[in-house]
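> Output the structure for:
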Amino acid sequence: MKRINYLIILFGFLLTIKSTVIQSSEQKCIISNGVPNHKIGKFPTKGNPNIFKKQNLKFCFSKKPAKKKTSRYIVSTVGVTLSGIPIRPSTAAWFDESSPKKHSQNQSSGLNLEAIRPFEKIFGIDEYNGHLDFRGLYHYHKPNSSLLLNGQSLIGYAADGFEILYIPGKFKTSWQLKKGNRKIKPFGKYDGSFKQDYEFIDGSGDLDECNGRVFDGNYRYFATDSFPFFPRCHWGDVSKDFRKINR
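As a prediction, this is how the structure comes out:
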């Protein structure tokens, strides 16, 4: 049996969380209890009735990701921060005219709600752009400065193993708000309320459809302060650890 040598690195610079990285020749794993390196918002709160709970999280991914010719979208956890917090820019809520809240998990409308909108935050998103799911799992919908550990731009890894960097103001996304008005209910101007209010316009920014590009000789994804905030698609093979954590 081939012997695998593991290297365990403790991130001593984290004050409120002990995040562990385990590496083999092929994989890297980030293990944490789901506690971020900052205070979280007060929960339950308006739009989010959930209670924070520590978790047993383990995300393993390839150390040698390969970029394929076509990208693949996944809806749930797209990556993990160095501090062990899941990255989930999308939501599980869809416009539903028949629901008292005007949204549900019924996808028939084709309009997926955004938690981070240009004019507001919903679903109890806190000042660090995170909130809780039904299990009390804290996760991010948009980057924040607390992710810049020790000032480094590497903030985590995507589900396919490529790095995620956050360099505020460095690169412009190529996703833009559509012009005009929606042709379906709830009608109105394309204002960023829904994921479908945006469109990818190749060459309009510095990044590709997955919010990535070659940087310093290697392909990397980027977190941005405007939509899509994090990569919402992947060029490599997505690890099963990210698929099994459902919303």
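> Now do stretch 137-148: everything it contacts.
Residues from elsewhere that reach stretch 137-148, judged by Cβ atoms under 8 Å, 6 or more residues apart in numbering: 34-38, 40, 52-53, 55, 77, 81-83, 85-89, 91, 115-116, 125, 127-133, 155-156, 166, 223-225, 229-230, 245. All C-beta atoms are positioned from the backbone trio N, CA, C, and that covers glycine.
> let's see 7 Å
Under the contact criterion Cβ atoms under 7 Å, 6 or more residues apart in numbering, stretch 137-148 has outside partners 34, 36-38, 40, 52, 55, 81, 85-89, 115-116, 125, 128-130, 132-133, 155, 166, 223, 225, 229.
> Kindly check the end-to-end length of that stretch for me.
Stretch 137-148 has an end-to-end distance of 21 Å (Cα to Cα, to the nearest Å).
> Stretch 67-81 too?
21 Å.
> Kindly provide the whole-number mean pLDDT of that stretch.
Mean pLDDT, stretch 67-81: 93.
> Please tell me how far residue 211 sits from residue 29.
Using Cβ to Cβ, to the nearest Å, residue 211 is found at 24 Å from residue 29.
> The two: which is more packed in?
Neighbour count, other Cβ atoms under 10 Å: between residue 211 and residue 29, residue 211 has more, with 29 against 17.
> what's the closest residue to the more buried one other than its chain neighbours in contact with, if anything?
Distances taken as Cβ to Cβ, 6 or more residues apart in numbering place residue 231 nearest to residue 211, at 4.6 Å, with adjacent residues excluded. By Cβ under 7 Å, 6+ apart, the residues touching residue 231 are 78, 79, 158, 164, 210, 211, 212, 221.
> which element is the fourth one on?
Element membership for residue 164 (DSSP states H and E) is strand 163-166.
> Quick one: distance of that strand to the chain centre.
In terms of Cα atoms, centre = their mean, to the nearest Å, the centre of strand 163-166 is found 11 Å from the chain centre.
> other SSEs contacting it?
On a contact count with 3 or more Cβ pairs under 7 Å, 6 or more residues apart in numbering; DSSP states H and E, strand 163-166 meets strand 154-158, strand 218-223.
> Reformat those strands as CSV; add mean neighbour count, distance to residue 176 and mean pLDDT.
Listed next are the helices and strands packed on strand 163-166 as CSV, based on neighbours: other Cβ atoms under 10 Å; distance: least, Cβ to Cβ, whole Å; pLDDT from 0 to 100:
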stretch, mean neighbour count, distance to residue 176, mean pLDDT
strand 154-158, 25, 22, 98
strand 218-223, 22, 16, 98
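> To residue 237, which of those lies closest?
Smallest distance to residue 237 across those (Cβ to Cβ): 11.1 Å, for strand 154-158.
> what lines up beside the closest one in the sheet?
Applying DSSP bridges to the sheet, strand 154-158 is found paired with strand 79-81 (antiparallel), strand 163-166 (antiparallel).
> Can you tell me which of the ones you listed is most buried?
When the strands paired with strand 154-158 are scored by mean count of other Cβ atoms under 10 Å, the highest mean neighbour count falls to strand 79-81 (a mean of 29).
> which residues touch that strand?
Contacts for strand 79-81 (Cβ under 7 Å, 6+ apart): 30, 59, 86-87, 147, 155-159, 164, 230-231.
> can you check stretch 175-182 too?
Under the criterion Cβ under 7 Å, 6+ apart, residues 187-190, 192, 197-201, 204, 227-228 lie in contact with stretch 175-182.
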